[in-house]
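S.K.: Just to be clear, the model below is a prediction. Sequence and coordinates:
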Amino acid sequence: MKNRTTYLLIVLTALFASYADAQQQKLAKAGKLYDNYAYIDAIKIYENIASKGYKSAELFQKLGNAYYFNSEFAEANRWYTELFTLGIEPEPEYYYRFSQTLKSIGDYDKSAQMMKKFVEKNSADERGRIYEEDKNYLAEIRKNSGRYAIENAGINSEGQDYGTAFFDGKLVFASSRQTSGLSKTIDKRTGLPFTNLFASTVKSDGTFETPEKFSGTIDSKFHEATPAFAKDGKTMYFTRNNYNEGKKRKSNEKKILLKLYKAVLEKGKWTNVTELPFNSNEYSTAHPALSPDDKTLYFVSDRPGTLGQSDIYKVSINSDGTFGNPENLGRTINTEGKETYPFVSDENELYFSSDGHPGLGGLDIFKSRIENNDFSKPLNVGEPVNGRQDDFAFMIDTKSQAGFFSSNREGGMGYDDIYRFKENKKLECEQLLAGRITDQQAGTGLENAKVSLLDNDFKLLETAYTDADGNYSFKVECGKKYRVRIEKKEYLADEKSVTISKDSGTTILDIEQQKRLSEIGKDGDIAAVFGIREIHFDFDSWNIREDAAIDLQKIIEVMWEYPSMTVAIRSHTDSRGNDDYNQLLSEKRAQATKHYMISQGIDSSRLSAKGYGETQLKNKCGSDAKCTDKEHQENRRSEFIILRIR
């Protein structure tokens, strides 16, 4: 009996060892597939092993990653959940990925918990800093949402369809659909055929004809995607695997990576396909986008110096067709995550996709303004363009506010689908302050008049000069108050106050300029001589009102222009109240006016101030008269009398 038991133990041990050895062999095989991006085949083996009850951190990490890198976030979440159930402390990056996949199933509370732990364990990561600065990002996204009407573009297949551009009345995009002709091999990462470029003609009603192959001379056995066309219609940049002229090239790790290529249109055919000089066999370069003037090419790469999984770069295109040195767009745009699919609108706005900036899940689309080669803080464009899955490859026509984006969201036809949209409201309130400066008498526009934009506290913000027709414009903030000051030789300086609308659009401020008088007589009233209103006061008050401050500024500028001029300030009241009180009130008004002018740079020696109470009424509104407040207002004033000019 003892011998039989011993024999059984030996057999069971041998069987277990054989089983364990078989599992290790399967893991090793799956690992090779995983390392070569063959995620579909790797997943099959890993899930088969997991179904037999095998558990390990490596198994769950790679299963989660294989789904994560293929943008199947719900499945990735399933295996990351198993990973964290083991109770083993994973690398910090897995807290971030788990947080992202929790968004894909709508569990934003638990996602925030994982993000908090990620920040604790990797405080130097840019994604953590951004999150800490904007923990209320969901509220911000909700505020930005609801601005688009979206629909399926009507050109999608059961495979991949993404990355659009317009050329010659056609929408050009990447697709893995199979047609007659060149037979594509299968991409082991997705299990789908490699993509070609297709084109669909736009019909008169805005719908699309059946897509057809874009160019037989561009097609290869591997991926072609994300075209970008120069405005002359003769140059195209596009993404392709490292394969050209029938030759494929691999990295030192035996991988066929992505490169950027250029083609030119000759006699109706795209030809002379050449790879760009800043490509490399050792890293990927992809997804080109051109600036509005075609002088800068934006692209995506994981080249040395990249902050994360992929960053957005730019490179100048020289007049002779050569290229400058690629520049990383920096930490305002790029994070330790993935930034990809840039697009630059005609209004110099950079749209891009990111999983490093706070979003709703997967890749979200963001917008950043480009000003003087700097980038503003990216803003999430909100729902319904963004959702819980990957949303990317955004493009927009700024004139029609219509465009396209790609997504793997639920309800689509295939792996990735193209959607069209109409933007009904700008993401940011955008206002232009514009107007025309004209000669008051002739009505003609004044060319080269100096126009200064000041804030409500008289701080100079910007200066411009009018064009040949007297037009000017400034970009301004919605809802704010500004002052516009006009200066031109032979004309009186003028200044107007304006409040900008809280909605996007253009605020118009036209200003008439009065020609300067050649001589100014002694004892003249500046207001009368220069067409400036007297400044007025509220009832029983000596405070300088906002409208009075604007007119005072004009008088101050006249005194700046005539540095020897001395002025007497004469202030008055209406007839209401007793004589003594009105005399005191007028003195306070005179002193308030003088102090204000001194605060704006006029020397006190050039000013005298005196109050006249109600002794010099401008109308018949005496103490016994019945007058309206408007009539009384005429008497509550300060006048400015020239005492000396030279």
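M.R.: Thanks, I have the structure now.
S.K.: number of nearby residues for the residue nearest to Glu47 when sequence neighbours are not counted?
M.R.: Spatial nearest neighbour of Glu47, excluding adjacent residues (Cβ to Cβ, 6 or more residues apart in numbering): Leu63 at 6.8 Å. (Glycine included, C-beta is placed from N, CA and C.) Neighbour count of Leu63, defined by other Cβ atoms under 10 Å: 27.
S.K.: what about the host helix or strand of Leu63, distance to the chain center?
M.R.: Element membership of Leu63, judged by DSSP states H and E, is helix 57-69. In terms of Cα atoms, centre = their mean, to the nearest Å, the centre of helix 57-69 is set 34 Å apart from its chain centre.
S.K.: Show me what it is in contact with.
M.R.: Contact with helix 57-69 is made by 27, 30-31, 34, 37, 39, 42-43, 46-47, 49-50, 73, 75-80, 82-83, 86, 88, 90, 94, 97, 100-101, 189, as judged by Cβ atoms under 8 Å, 6 or more residues apart in numbering.
S.K.: Please flag which of those sit within helices.
M.R.: Among these, the members falling in helices (DSSP state H) are 27, 30-31, 34, 39, 42-43, 46-47, 49-50, 73, 75-80, 82-83, 94, 97, 100-101.
S.K.: Which among these count as buried?
M.R.: Among the ones in helices among the contacts of helix 57-69, those classed as buried by 16 or more other Cβ atoms under 10 Å are 27, 30, 34, 39, 42-43, 46, 49-50, 73, 75-80, 82-83, 94, 97, 100-101.
S.K.: Phi and psi next, for Leu607.
M.R.: In terms of degrees, to the nearest 10, the main-chain angles of Leu607 are phi -130, psi 140.
S.K.: ok, how many other residues are close to the closest residue to it other than its chain neighbours?
M.R.: Nearest residue to Leu607 in three dimensions, chain neighbours excluded: Lys594, at 5.1 Å (Cβ to Cβ, 6+ apart). By the measure other Cβ under 10 Å, the count of residues near Lys594 is 20.
S.K.: Which helix or strand lies directly C-terminal to the helix or strand hosting Lys594?
M.R.: Using DSSP H and E, Lys594 sits within helix 579-599. Moving toward the C-terminus from helix 579-599, the next helix or strand (DSSP H and E) is strand 607-611.
S.K.: OK, contacts around the residue nearest to Leu607?
M.R.: Ile569, Ser604, Leu607, Ser608, Ala609.
S.K.: again, only this time at 6 Å
M.R.: Residues in contact with Lys594 (Cβ atoms under 6 Å, 6 or more residues apart in numbering) are Ile569, Leu607, Ala609.
S.K.: Please produce a markdown table containing the residues you listed, extended by neighbour count, pLDDT and distance to Lys515.
M.R.: Converted to a markdown table, the contacts of Lys594 look like this (neighbours: other Cβ atoms under 10 Å; pLDDT from 0 to 100; distance: Cβ to Cβ, whole Å):
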| residue | neighbour count | pLDDT | distance to Lys515 |
| --- | --- | --- | --- |
| Ile569 | 22 | 86 | 26 |
| Leu607 | 20 | 90 | 27 |
| Ala609 | 21 | 89 | 30 |
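S.K.: List just the nearest of these to Ala225.
M.R.: For the contacts of Lys594, the residue nearest Ala225 by Cβ to Cβ is Leu607; the value is 73.1 Å.
S.K.: Phi first, then psi, for the residue most central in space within the chain.
M.R.: Nearest residue to the geometric centre of the chain (Cα atoms, centre = their mean): Ser368, 2.1 Å. The phi and psi values for Ser368, taken as degrees, to the nearest 10, are phi -140, psi 140.
S.K.: was I right about it contacting Phe375?
M.R.: Yes - at 4.6 Å, Ser368 counts as touching Phe375 under the criterion of Cβ atoms under 6 Å.
S.K.: give me the low-pLDDT residue ranges for the chain?
M.R.: The model of the chain has pLDDT under 70 over residues 1-23, 180-184, 516-542, 547, 645-646.
S.K.: So Val381 sits against Ile365, correct?
M.R.: Yes - between Val381 and Ile365 there is a contact at 5.1 Å, judged by Cβ under 6 Å.
S.K.: got a list of what Leu276 touches?
M.R.: Per Cβ under 6 Å, 6+ apart, neighbours of Leu276: Leu260.
S.K.: Relative to Ile317, how far out is it?
M.R.: To Ile317, Leu276 is 10 Å away according to Cβ to Cβ, to the nearest Å.
S.K.: Can you give me the buried ones in the helix holding Lys594?
M.R.: Neighbour counts using 16+ other Cβ under 10 Å place 582-583, 585-594, 596-597 of helix 579-599 among the buried residues.
S.K.: Kindly check the end-to-end length of stretch 150-161 for me.
M.R.: 16 Å (Cα to Cα, to the nearest Å).
S.K.: Pull the contacting residues for Leu86.
M.R.: Contacts of Leu86 by Cβ under 6 Å, 6+ apart: none found.
S.K.: that older thread, next one: the helix holding Lys594 to chain centre, how far?
M.R.: Per Cα atoms, centre = their mean, the displacement of helix 579-599 from the mean C-alpha position of its chain is 51 Å.
S.K.: Report the inter-axis angle for that helix versus strand 607-611.
M.R.: 160 degrees (axes from the mean of the first three to the mean of the last three Cα atoms, to 10 degrees).
S.K.: Export only the CA atoms of helix 579-599, formatted as CSV.
M.R.: Below are the C-alpha coordinates for helix 579-599, written out as CSV (Å, rounded to 0.1, in the frame of the first residue of the first chain):
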residue,chain,number,x,y,z
ASP,A,579,-26.5,128.6,-0.8
ASP,A,580,-23.8,127.8,1.8
TYR,A,581,-24.1,124.1,1.3
ASN,A,582,-24.0,124.5,-2.5
GLN,A,583,-20.9,126.6,-2.2
LEU,A,584,-19.1,124.0,-0.1
LEU,A,585,-20.3,121.2,-2.5
SER,A,586,-18.9,123.1,-5.6
GLU,A,587,-15.6,123.6,-3.8
LYS,A,588,-15.4,119.8,-3.2
ARG,A,589,-16.2,119.2,-6.9
ALA,A,590,-13.5,121.6,-8.0
GLN,A,591,-10.9,120.0,-5.7
ALA,A,592,-11.9,116.5,-6.7
THR,A,593,-11.5,117.4,-10.4
LYS,A,594,-8.1,119.0,-9.7
HIS,A,595,-6.8,116.0,-7.7
TYR,A,596,-7.9,113.6,-10.4
MET,A,597,-6.0,115.6,-13.1
ILE,A,598,-2.9,115.7,-10.8
SER,A,599,-3.2,111.9,-10.4
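S.K.: Leaving out sequence neighbours, find the closest residue to Asn242.
M.R.: Per Cβ to Cβ, 6+ apart, closest to Asn242 is Arg249, 4.7 Å.
S.K.: likewise Gly337?
M.R.: Of all residues not flanking Gly337 in the chain, Gly356 sits nearest, at 2.8 Å (Cβ to Cβ, 6+ apart).
S.K.: Just list the residues touching that neighbour, thanks.
M.R.: When contacts are counted by Cβ under 6 Å, 6+ apart, Gly356 touches Arg127, Thr335, Gly337.
S.K.: ranges for the helices of the stretch 151-300 of the chain?
M.R.: Counting by DSSP state H, counting those that start in this stretch, the stretch 151-300 of the chain has no helices at all.
S.K.: the strands in it, which residues?
M.R.: Using DSSP state E, counting those that start in this stretch, the strands of the stretch 151-300 of the chain run over 161-167, 170-175, 186-187, 192-193, 196-201, 212-213, 224-229, 235-241, 243-244, 247-248, 258-266, 269-275, 285-290, 296-301.
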